[in-house]
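Peer 1: no sequence on this one, just coordinates:
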């Protein structure tokens, strides 16, 4: 299923997108559900019931998708852990910092940082360049969304805790990233925006593209209609199974938590600064993925910045 959060007259609502129509999931299940996180928190039985409820839903339960404004599926994730699971991306990024290969510690264990749930954007709208940078960058990622709570989850059981996957644009202020940690994304360089959407695709819809805890999907980015990234998710060094298990080690994951893959190989400007320019005011940035849809944002620059 394509699980969405959409704007309604009385506030955001969790829904299901089917063949160009959206149904209110809460109405079908008999409870008010503010977003997809609330739906996941209702438990696995709620998701199991939805297909039957959809098949018998009356005509008035549906709204044409063109009349609906989609929001981030998870409006305010409990946590956002963003990893760096693609060796190709890390290798290209550190090469621009004068290193011939990723540091040894990158190969010892998957690494992540916590991002700011308060700055989560939906699949469309504007993104404002931070005043402290002129090097605004997009990052093409896919994120797993936790559907079932757990702690110390074994890797072989990790995907049982994943509700589905969503496109994730991890916007970056590159000057700040470099100043903070030599190019690896941390702290203030990532504190202003990340985009999720347009839908959360449930794991069962991707079984034919999942192998050994890794997805095999084409992903891309376009700026003003021109392709700047044409890549794939299949070359993850660390699998989603490993990322979820590691995130839960001596810790806890809950429904709605976002587990980012990190940027795909050639999935950002930072890997190719001599070929691509930094984003400017008015640029329209679209990222997309097979079965996952696409997001679209217009860059805005503060006057005088």
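Peer 2: Arrived safely. Predicted model only: the values in this text are computed from it and were never measured.
Peer 1: Residue 179: which element?
Peer 2: Secondary structure assignment for residue 179, by DSSP states H and E: helix 174-181.
Peer 1: mean confidence score for that helix?
Peer 2: This predicted structure assigns helix 174-181 an average pLDDT of 79.
Peer 1: List the buried residues in that helix.
Peer 2: Of the residues in helix 174-181, those buried under the neighbour-count criterion (16 or more other CB atoms under 10 Å) are 174-178, 180. C-betas here are computed from N, CA, C, even on glycine.
Peer 1: what do you get for stretch 283-300?
Peer 2: In stretch 283-300, residues buried by neighbour count (16+ other CB under 10 Å) are 283, 285-289, 292-297, 299.
Peer 1: just those now: which is nearest residue 113?
Peer 2: residue 287 (20.0 Å; CB to CB).
Peer 1: Okay, and the beta partners of that closest one?
Peer 2: Assessed by DSSP bridges, residue 287 has beta-bridge partners residue 221, residue 295.
Peer 1: wait, what's in contact with it?
Peer 2: Going by CB atoms under 8 Å, 6 or more residues apart in numbering, residue 287 touches 138, 140, 167, 169, 219-222, 229, 294-295.
Peer 1: pLDDT score for it?
Peer 2: Model confidence at residue 287, given as pLDDT, is 98.
Peer 1: and if you look at the one 3 residues further on?
Peer 2: With respect to pLDDT, residue 290 has a value of 98.
Peer 1: try residue 225
Peer 2: Residue 225 carries a pLDDT score of 98 in this model.
Peer 1: ditto for residue 185
Peer 2: The model reports residue 185 with a pLDDT of 57.
Peer 1: Can we start the residue count at 80 from this point?
Peer 2: That works, and once the first residue is 80, the last one we named lands at residue 264.
Peer 1: Can you tell me the SS state at the closest residue to residue 235 other than its chain neighbours?
Peer 2: Closest residue in space to residue 235, ignoring its immediate chain neighbours: residue 320 at 7.3 Å, by CB to CB, 6 or more residues apart in numbering. Reducing the assignment to helix, strand or coil with DSSP: H, G, I helix; E, B strand; the rest coil, the entry for residue 320 is helix.
Peer 1: Verify the stated contact: residue 320 with residue 292.
Peer 2: Yes. Using CB atoms under 8 Å, residue 320 and residue 292 qualify as a contacting pair, with a distance of 3.1 Å.
Peer 1: what residues go with each domain of the chain?
Peer 2: By the assignment in automatic domain parsing, the chain contains the domains 81-150, 159-380.
Peer 1: So which of those has the densest surroundings on average?
Peer 2: The highest mean neighbour count among these belongs to domain 159-380 (a mean of 19), with neighbours defined as mean count of other CB atoms under 10 Å.
Peer 1: Which parts of the chain are helices?
Peer 2: Listed in chain order, the helices of the chain (DSSP state H) span 104-108, 115-120, 123-134, 166-174, 183-187, 253-260, 319-327.
Peer 1: Between the ones you listed, which one is closest to residue 383.
Peer 2: Relative to residue 383, the nearest member of the helices of the chain by CB to CB is helix 253-260, separated by 17.5 Å.
Peer 1: shared neighbours of residue 320 and residue 292, which are they?
Peer 2: 234, 237-238.
Peer 1: For the spatially most central residue of the chain, which residues are in contact?
Peer 2: Among the residues of the chain, the one closest to the centroid is residue 247, at 2.3 Å (CA atoms, centre = their mean). For residue 247, the contacting residues are 161, 220-222, 273-275, 337, 339-340, by CB under 8 Å, 6+ apart.
Peer 1: Could you do residue 279 as well?
Peer 2: Shown in contact with residue 279 (CB under 8 Å, 6+ apart): 81-83, 115, 152-153, 224, 242-245.
Peer 1: give me that answer again for 6 Å
Peer 2: When contacts are counted by CB atoms under 6 Å, 6 or more residues apart in numbering, residue 279 is found next to 82, 115, 152, 224, 243, 245.
Peer 1: Name the residues linked to it by a beta bridge.
Peer 2: residue 82.
Peer 1: Not counting sequence-adjacent ones, nearest residue to residue 373?
Peer 2: On the basis of CB to CB, 6+ apart, the spatially nearest residue to residue 373 that is not a chain neighbour turns out to be residue 367, at 3.4 Å.
Peer 1: ditto for residue 252
Peer 2: Leaving out its chain neighbours, the residue that sits closest to residue 252 by CB to CB, 6+ apart is residue 212, at 3.9 Å.
Peer 1: That neighbour touches residue 256, doesn't it?
Peer 2: No. Under the contact definition of CB atoms under 6 Å, residue 212 does not touch residue 256, with a separation of 8.9 Å.
Peer 1: Do you know the pLDDT at residue 206?
Peer 2: Confidence score, pLDDT, at residue 206: 98.
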